[in-house]
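Colleague: what follows is a predicted structure for the sequence shown.
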Amino acid sequence: MPIRGLNRPEGVERQPEDFYATDPATIPPLLKVLGSDWEAGNKLIWECAVGAGHLSQILELYGHQVISTDLIYRGYGVGGVDFLQPTPYDDLPYDAIITNPPFKYALEFVEKSLRIAPVVCMFLRIGFIESERRDALFTNNPPRYIAVFRKRARTSKNAAFPKGESSAMCHAWFIWYRGYKGNPEILRI
């Protein structure tokens, strides 16, 4: 039986394990927001919901060292790693965690990521702002930036990005700096 939801045509089922690959074109605007030292590379990043490697590969092209893991092995990185459980990767000296987490566990991904890395960048639907369930996060650990795509960023449930195909969903990079306590700055990227 299909699951119905916003912007999902009737009869279209969700991808198992909430796997929706992220267009690699989302990385350059993120690095621009983070600053020139991020565009220059040499950061240690954990991509903990790597999927088929779309984000990790671009981060590596920029010269970053990327630890790529996922619960399910999809041909890239290390599979069988449940980010929400203790892992052997938790104690490395990361500069950032950058990922598109399964949306139903996004809050848990953010909370754990903030304990591990000083910078946390999550590719999320704009709807992440909504929900009383996340009030404590936005009060105690507000994001520094919410970088909204002017042209809708694409995700793909089959990990392919055909030319001309657009997204029905609005996404943004939610960017946390551990310890930040001000109001989020909304950016259009």
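Modeller: Nice, thanks for sending it over. Numbering: from 1, shown residues only.

Colleague: let me know the pLDDT of residue 131.
Modeller: Residue 131 carries a pLDDT value of 87.

Colleague: now swap in residue 71 and tell me
Modeller: Value listed for residue 71 in the pLDDT field: 96.

Colleague: skipping its backbone neighbours, what lies nearest it in space?
Modeller: residue 82 (5.3 Å; CB to CB, 6 or more residues apart in numbering). Where you see a C-beta, it was placed from the backbone N, CA and C, and this is true even at glycine.

Colleague: the one you found and residue 102, how far apart?
Modeller: Going from residue 82 to residue 102 by CB to CB, to the nearest Å gives 11 Å.

Colleague: of the two, which one has the most company?
Modeller: Higher neighbour count among residue 82 and residue 102: residue 102, with 18 against 11, using other CB atoms under 10 Å.

Colleague: from residue 147, how far out is the more buried one?
Modeller: 21 Å.

Colleague: show me where pLDDT drops low in this protein?
Modeller: Along the chain, the parts satisfying pLDDT under 70 run over 1-19, 154-168.

Colleague: show me where it has its helices.
Modeller: For the chain, applying DSSP state H gives helices covering 27-34, 36-39, 54-61, 106-116, 135-140.

Colleague: could those be laid out in JSON lines, adding distance to residue 88?
Modeller: Shown next, in JSON lines, are the helices of the chain (distance: least, CB to CB, whole Å):
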{"stretch": "helix 27-34", "distance to residue 88": "26"}
{"stretch": "helix 36-39", "distance to residue 88": "26"}
{"stretch": "helix 54-61", "distance to residue 88": "18"}
{"stretch": "helix 106-116", "distance to residue 88": "13"}
{"stretch": "helix 135-140", "distance to residue 88": "26"}
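
Colleague: could you dump the ones you listed into JSON lines with mean neighbour count and distance to residue 77 added?
Modeller: Output for the helices of the chain, formatted as JSON lines (neighbours: other CB atoms under 10 Å; distance: least, CB to CB, whole Å):
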{"stretch": "helix 27-34", "mean neighbour count": "18", "distance to residue 77": "16"}
{"stretch": "helix 36-39", "mean neighbour count": "14", "distance to residue 77": "21"}
{"stretch": "helix 54-61", "mean neighbour count": "20", "distance to residue 77": "7"}
{"stretch": "helix 106-116", "mean neighbour count": "19", "distance to residue 77": "16"}
{"stretch": "helix 135-140", "mean neighbour count": "12", "distance to residue 77": "27"}
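
Colleague: where's the residue nearest to residue 71 relative to residue 108, distance?
Modeller: Residue 82 is 11 Å from residue 108, where distance means CB to CB.

Colleague: do the same with residue 60
Modeller: In terms of CB to CB, residue 60 sits 26 Å off from residue 108.
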